[in-house]
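1. give me a model of this one.
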Amino acid sequence: MAARDFFETLEARADPSKIRGIDHTYLFEVEGEGEWVVAVIGGTVQVTEGAAKADVTITVSSEVFDRIADGTQSPTLAYMTGKLKIRGDTAAALKLQKIF
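-> Numbering: from 1, shown residues only. Just a heads-up that it's a prediction; the model follows:
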């Protein structure tokens, strides 16, 4: 799944029971595809295209993002091998595993 398709459908796919109690903003920088801010606040998910201030910034290549999105790449392993970079609140980043 391409990053654009992933983020355009994320709001509809988010499971409210999994995001309860998460109040963070995430900036995804997908190299070669674009930037999206995902705000998980008050049990809802709102996605906005473009860069903005966020609690966590995640930078990843489009190839690695596609593999993470389709479940063939572990985000944790991508981070540990330097294929995914995280700046900001790493504890908030760990909560993403509940959402995706």
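2. residue nearest the centroid of the chain?
-> Among the residues of the chain, the one closest to the centroid is Phe28, at 5.7 Å (CA atoms, centre = their mean).
3. that one touches Val47, doesn't it?
-> No. Checked against CB atoms under 8 Å, the pair Phe28 and Val47 is beyond contact range at 9.4 Å. Just so you know, the C-beta spots here come from the backbone N, C-alpha and C atoms, and that holds for glycine as well.
4. related to what we said a few turns ago, show me the contacts for the residue nearest to the centre of the chain.
-> Going by CB atoms under 8 Å, 6 or more residues apart in numbering, Phe28 touches Ala3, Phe7, Glu35, Trp36, Val37, Val38, Ile58, Val60, Phe65.
5. what bridges to it?
-> Beta bridges link Phe28 to Trp36, Ile58 when assigned by DSSP bridges.
6. mind listing the strands for this protein?
-> Secondary structure of the chain (DSSP state E): strands located at 24-31, 34-41, 44-49, 56-61, 84-88.
7. what angle separates the longest helix along the chain from strand 34-41?
-> Counting by DSSP state H, the longest helix found in the chain is helix 3-13. Counting by axes from the mean of the first three to the mean of the last three CA atoms, to 10 degrees, helix 3-13 points 20 degrees away from the direction of strand 34-41.
8. circling back to that earlier point, can you list the strands of the chain in JSON lines and add mean pLDDT and distance to Thr72?
-> Listed next are the strands of the chain as JSON lines, based on pLDDT from 0 to 100; distance: least, CB to CB, whole Å:
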{"stretch": "strand 24-31", "mean pLDDT": "97", "distance to Thr72": "16"}
{"stretch": "strand 34-41", "mean pLDDT": "96", "distance to Thr72": "21"}
{"stretch": "strand 44-49", "mean pLDDT": "95", "distance to Thr72": "23"}
{"stretch": "strand 56-61", "mean pLDDT": "98", "distance to Thr72": "14"}
{"stretch": "strand 84-88", "mean pLDDT": "97", "distance to Thr72": "14"}
